[in-house]
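Colleague: Sequence first, predicted model second:
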Amino acid sequence: MTGNQDLFSKAMNQGHTAAWDQTWNRAASFYRQALEEFPENPKALTSLGLALFESQQYDEAMVCYRKAATLLPTDPMPFEKVARICERTSRLNDAIQAYLQAADLHVKNRDMERAIECWLRITRFNAEHLVAHSRLAVTYERLGRKAQAVQEYLAVASIIQRSGAPDKAVQAINYALQIVPDNQDAQHALVLVRSNQLLPRPVRTRGGTGSLRPPEVIRMEETEQIKSEDSKLDPVAETHQKALITLADILFESTEESAQRLAGRRAAGQILRGSAGATPEQAQQATVMRHLGFAIDAQTQGNDNLAANELGKSVEAGLGHPAAYFMLGLLNASQEHPEVSLRDLQTAVKHPDYALAGRLLLGQTMTRLGRWQEAATNFLKALQIADAEIVPEDQAELVFQMYEPLIEAQAHEKDEKSIVSICENISALLFRPEWRTQLETSREKLPPQPEGSPPLLLAEMLLETRSNEVVDSLATIRYLTDQNLLRTAMEEAFTALLYVPTYLPLHSQIGEILLKEDHVVDAIDKFSVVAQAYSARGEATQACALLRRLVKLAPLDLNVRKRLIDQLVASGQIDEAIRGYLDLADIYYHQADLEAARSIYSTALRLAQGSQASRAWSVDILFHVADIELQRLDLRGALRIYEQIRMLQPEEAKARISIISLNYRMSQEMAALSEIESFVSYLHGKGQEDKATKFISSMLEEHPEMEELVKRATAAKL
């Protein structure tokens, strides 16, 4: 009998449950039962296809996905799955055809990024596939991704030239030059074709130059098909996916971006050492990227042991991103190397993005090692982060602080049964899909609190503790402080310290009381000690918050600023750390200590160019360094730096004007003339005639003595 909705829903739910447990054969049997009720149901077909794919029954999986494709003619997903099965079974021509069909449907659905992924995968199998390269070229051009469009048009030119049509190859190269007129690769290609020399063959991409996600991420997305629309990954799986995407973004940068970053690193080397040559960062970069690529490839093939080994080599070579530490800790933990994973996870938890999942993995790993007390502490810290995440924003900091006496008390718990219970309960609460929904539901079950009372903690459902007494005491101290009953507040604080001497929020509140009493120096000392304690505990967020407070209280205390920067770097908050360096250098600059300011800028530059920070930081820092060189009357040094800025950002008019002015001041009129011509030509090539006109006007306004030079340059280009 068919058509029973209840039997269908029951079988699908049982299949989903089995799939979550990765018992794929069992999942397949339930999905088959569902299909007996509704043989044409697309969801059941794709779910069965996934279960068969994961159990390596590729022929049957192919049948399911092909049938789903006929039922869902506008959905590219079944065609992508057919292509992936063809990949696994080495039927590459069939895979290419399926990817072309999927890409066409993505285009119709206006999902250009997914279409790009399909075409890029085709070029991995067949580096000289004309259709894939042509569609990539046109799509990149429409999206404004000019460097990638140029590379694809040059690939098209190479393929066409080798097919015996050099005139059409020239036409493709001219398309590239219309996009980026001064592109050296395109100019060189045009010379080769016109001199009847063959262009280099297109290379087989390892993942493309677009926002291509690694296959491991795609495999995760496949697994997500079996979930209901409202379900989500558990915290570790969420963070695993985030880390994979981050590492893929690091590896698969665009050709233009890679070249400009490399140029920036060369610039840094010349500035920091005062000579040309490769910097240490540049020398390490190739090694870092090579091992990172091997690691991603190994994960694609399901070889986690090799992936961990290669990722470890990448980290040793200088890859310091918290995503790498988290992934390395996760891989080692899953490969029965729990002791090895601890160090990397303890580094990863310093960054807010990896703190929750990192604490859960630390707790899980500690339990495997039989270190239950430490496991309980890490599980409680994970619950602390999760609980603070789901409460209203104005309560988050308070909830976070309220966990601390509870964690402190648990660290001294002697009842092993109680400790194990905490680990098991928190693990069950957080290691699940829809964990946020579950936490919100659990919080709704807590008894309501009177108005003005601190919120209850989810941990109260799991622990019997006297932490409420400390929380109530802290609330009383804050109330007394707000009422300016400072002596009474201080007495209450010292009384509370007798019971919880290491409760850091209480020490912070004492600092607030000292501040209200105008004992600013004592307050600063107190906040400084508390920040140091938070840092020692690995609580980077709290340490940074207190150090920011200290910077506001003592803006000229350079040691505090340096501690804050070190903490930000350690926790992976690179942008804020660079901003801190610039503020620190600015203080030295205004104190007329130019050498110290330059040293700080150099450190900031190394940080910016040794990380994934925005290139805009490097440009900003280089402008500051150039200004110092001008202050020191080192015109040639300033000129070199402005030239590096031009290399990083050719459209930066301020750097161009400085280069022209410095060349003119040093009686290098031909160099100044060449720079004017170059920039005017660049702007015209970009179709920015108005900007070119404004540039010429500004040159004449700022440097009237250069009128004849500007006229000559303009006449040569118009």
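Modeller: The structure has been received and is ready for your questions. Numbers count the residues shown, from 1 in each chain.
Colleague: okay, CA-based contacts and neighbour counts for the rest of this
Modeller: Fine.
Colleague: Per-residue confidence, E669, what does it come out as?
Modeller: Listed pLDDT for E669 reads 77.
Colleague: what helices or strands is the helix or strand that contains T239 leaning on?
Modeller: Here T239 sits within helix 235-251, counting by DSSP states H and E. The contact analysis (3 or more C-alpha pairs under 8 Å, 6 or more residues apart in numbering; DSSP states H and E) places helix 235-251 against helix 215-223, helix 280-300, helix 322-334, helix 352-368.
Colleague: Check which helix or strand V560 maps to.
Modeller: Assigned by DSSP H and E, V560 belongs to helix 558-570.
Colleague: Buried residues of that helix, list them for me.
Modeller: The neighbour-count check on helix 558-570 (16 or more other C-alpha atoms under 10 Å) flags 560-565, 567-570 as buried.
Colleague: quick one: pLDDT of A137?
Modeller: pLDDT, read off for A137, is 89.
Colleague: what about it, neighbour count?
Modeller: 26 (other C-alpha atoms under 10 Å).
Colleague: Show me how the protein divides into domains.
Modeller: With domains defined by automatic domain parsing, the chain comprises 5-194, 650-718.
Colleague: So for R359, which of these sits nearest?
Modeller: For these, proximity to R359 was assessed by C-alpha to C-alpha; domain 5-194 is nearest, at 22.6 Å.
Colleague: ends of that closest one, how far apart?
Modeller: 69 Å (C-alpha to C-alpha, to the nearest Å).
Colleague: what's the distance between it and the middle of its chain?
Modeller: Taking the mean of its C-alpha atoms, domain 5-194 sits 25 Å from the chain's own mean (C-alpha atoms, centre = their mean, to the nearest Å).
Colleague: likewise stretch 329-338?
Modeller: Put simply, stretch 329-338 sits 22 Å off its chain's centre (C-alpha atoms, centre = their mean).
Colleague: got the end-to-end distance for that stretch?
Modeller: 8 Å.
Colleague: quick one: average pLDDT of that stretch?
Modeller: When pLDDT is averaged along stretch 329-338, the result is 80.
Colleague: Buried residues in that stretch, which are they?
Modeller: Quick answer for stretch 329-338 (16+ other C-alpha under 10 Å): 329-334, 338.
Colleague: Could you export the residues you listed as a markdown table, including distance to N41?
Modeller: Shown next, in a markdown table, are the buried residues of stretch 329-338 (distance: C-alpha to C-alpha, whole Å):
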| residue | distance to N41 |
| --- | --- |
| G329 | 41 |
| L330 | 37 |
| L331 | 37 |
| N332 | 41 |
| A333 | 40 |
| S334 | 36 |
| P338 | 44 |
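Colleague: Tell me the one among those nearest to N93.
Modeller: Nearest to N93, judged by C-alpha to C-alpha, of the buried residues of stretch 329-338 is L331 at 34.3 Å.
Colleague: any idea which residue sits dead centre in the chain?
Modeller: Geometric centre of the chain, nearest residue: T246, 4.3 Å, by C-alpha atoms, centre = their mean.
Colleague: quick one, what contacts that one?
Modeller: Shown in contact with T246 (C-alpha atoms under 8 Å, 6 or more residues apart in numbering): A323.
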